[in-house]
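K.L.:
The following comprises the amino acid sequence and a computationally predicted model.
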Amino acid sequence: MYSALKPGGVYVILDHSAALGAPANVTETLHRIESSTVRREVEAAGFKFDSESSILANPADPRTAKVFDQTIRGHTDQFILKFRKPSNEDGSLPGALSGARRTNSPARRRIDGGRQTGGPEVLKVNPVVSRVEIYRNR
């Protein structure tokens, strides 16, 4: 993913939350992961953390059932993390952008900090971990 983005490109991850301190195998059994694990792995790949959103959080989700379980499906606790690929040699980013927003079109997502920008966005769904990854090249 890192090499696919241009410097300054945005990488957004949306995933189902695992219980705090859950073992690593819940990714395979429950299709959930802790946001701290995702953040650590993405930052280790070289991305810079930009922001997060709790708009899809659901504190009522016990985070003990598979995300496909009919008792919780469509109502899971989820997180959104936004990262940027550094654009300068020192790893710094050119001006921070504020949070992500969704357009009305389900086929397109705009990660633009509230400004109109051109260029295609790519929506990639990883069915193995039920993770939606949105990234944009500037």
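P.N.:
That came through fine. Numbers count the residues shown, from 1 in each chain.
K.L.:
can we go C-alpha only for contacts and neighbour counts from here?
P.N.:
Will do.
K.L.:
Check which helices and strands the host helix or strand of residue 16 is in contact with.
P.N.:
Using DSSP states H and E, residue 16 falls within strand 10-16. Judged by 3 or more Cα pairs under 8 Å, 6 or more residues apart in numbering; DSSP states H and E, strand 10-16 is in contact with strand 78-84, strand 131-136.
K.L.:
If I average pLDDT within each of those strands, which one is lowest?
P.N.:
Note on the helices and strands packed on strand 10-16: strand 131-136 shows the lowest mean pLDDT, a mean of 55.
K.L.:
which residues does the closest residue to residue 12 other than its chain neighbours bridge with?
P.N.:
Closest residue to residue 12 apart from its sequence neighbours, by Cα to Cα, 6 or more residues apart in numbering: residue 82 at 4.4 Å. As for beta bridges, residue 82 partners with residue 12, residue 51 under DSSP bridges.
K.L.:
residues touching residue 82, list them.
P.N.:
By Cα atoms under 8 Å, 6 or more residues apart in numbering, the contact set of residue 82 is 10-13, 49-52, 99-100.
K.L.:
go again using 7 Å as the cut-off
P.N.:
Going by Cα atoms under 7 Å, 6 or more residues apart in numbering, residue 82 touches 11-13, 49-52.
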